[in-house]
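Student: sharing a model prediction with you, sequence too.
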Amino acid sequence: GVKQLFEEQGCHYVIEGGQTMNPSTEDFLKAIDELNAKNIIILPNNSNIIMAANQAAQVTEDVNVEVIPSKTIPQGYTALMMFNENATVEDNTEEMTQAISEVKSGQVTYAVRDTQMNGVDIKEKDFMGISEKKIVCAMQDRLEVCKNLIDKMVDEDSAIATIIYGEGTTEEEAQELADFIADTYPIDVEVHYGGQPVYSYYLSVE
């Protein structure tokens, strides 16, 4: 679902990965070679992957490779929406990099054990709301976690929220969350199917 989402937005090549199978520099070099383009922009979409992407860019010859340091799927998606095929690579890189700085990213996943982090008590099988890599809430009700997380992400400058729902969730639940956001805050809401494992939701506010 996430792959299709990016391809529909104009991405030409998606390197599939995950929390335990981060793409290597060689994976990026293979993609660069297959694309056979003069200019390539890479969106790593994970902080653990940025270094490999930069290394690939540095060793590539005869191709101009730019790396936008997107650390999350929502950041990468927002950056991709800013791409303008009629603009120069330099202008696109500047605009896309600026775009990711304005995105607040959140994820909802589940706990595998009892613990406490950032002052939040977490029980096994609780759903956790994570904002910018910090756990900000945890409870048994997934939808309530989403609402709590969104409330911590939205501020007076927010204009749009994006919901990408994954495995184990439903379109109906995602739409219920979207309706809550639209009814509670003066912002627009988009809902997309991502189908990602582990994370019930990727959420972004910008």
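Tutor: Structure's in. What do you need? Residues are numbered from 1 along each chain as shown.
Student: what are the buried residues along the helix or strand of the chain with the lowest mean pLDDT?
Tutor: Least confident helix or strand of the chain, by mean pLDDT, DSSP states H and E, is strand 115-117 with a mean of 88. Using 16 or more other Cβ atoms under 10 Å as the test for burial, strand 115-117 gives no buried residues. In this view, the C-beta of every residue, glycine as well, is placed from N, C-alpha and C.
Student: distance of residue 154 from residue 108?
Tutor: 16 Å (Cβ to Cβ, to the nearest Å).
Student: ok so, going back, going on from the least confident helix or strand of the chain, what's the next piece of helix or strand?
Tutor: With elements assigned by DSSP states H and E, the helix or strand that comes after strand 115-117 is strand 120-122.
Student: which positions in that following strand come out as buried?
Tutor: 120, 122.
Student: and if you look at stretch 178-186?
Tutor: Result for stretch 178-186 [16+ other Cβ under 10 Å]: buried residues 178, 180-181, 185.
Student: quick one: the helices in the chain?
Tutor: 2-8, 25-35, 50-59, 73-81, 89-101, 142-153, 171-184 (DSSP state H).
Student: which stretch among those helices comes nearest residue 119?
Tutor: Of all those, helix 142-153 sits nearest to residue 119, with 13.5 Å by Cβ to Cβ.
Student: what's the separation between the residue nearest the centre of the chain and residue 149?
Tutor: Centroid check for the chain by Cα atoms, centre = their mean gives residue 73 as the closest residue, at 1.7 Å. As judged by Cβ to Cβ, residue 73 and residue 149 stand 15 Å apart.
Student: run through the residues that contact the residue in the chain sticking out farthest from the centre.
Tutor: What lies farthest from the middle of the chain is residue 62; by Cα atoms, centre = their mean that is 30.2 Å. Residue 62 sits next to no residue when contact means Cβ atoms under 8 Å, 6 or more residues apart in numbering.
Student: now do the same for it: its pLDDT.
Tutor: In this model, residue 62 is scored at 93, pLDDT.
Student: now residue 40, nearest residue through space, not along the chain?
Tutor: Spatial nearest neighbour of residue 40, excluding adjacent residues (Cβ to Cβ, 6 or more residues apart in numbering): residue 65 at 4.9 Å.
Student: distance of residue 33 from residue 78?
Tutor: 28 Å.
Student: more neighbours, these two?
Tutor: Neighbours per residue (other Cβ atoms under 10 Å) separate residue 33 from residue 78, with residue 78 holding more: 22 against 10.
Student: quick one: contacts for the more buried one?
Tutor: 99-100, 102-103, 162, 204, 206.
Student: can you give me the neighbour number for residue 150?
Tutor: By other Cβ under 10 Å, neighbour count at residue 150 equals 26.
Student: in this structure it contacts residue 205, no?
Tutor: Yes: assessed by Cβ atoms under 8 Å, residue 150 is found in contact with residue 205 at 7.1 Å.
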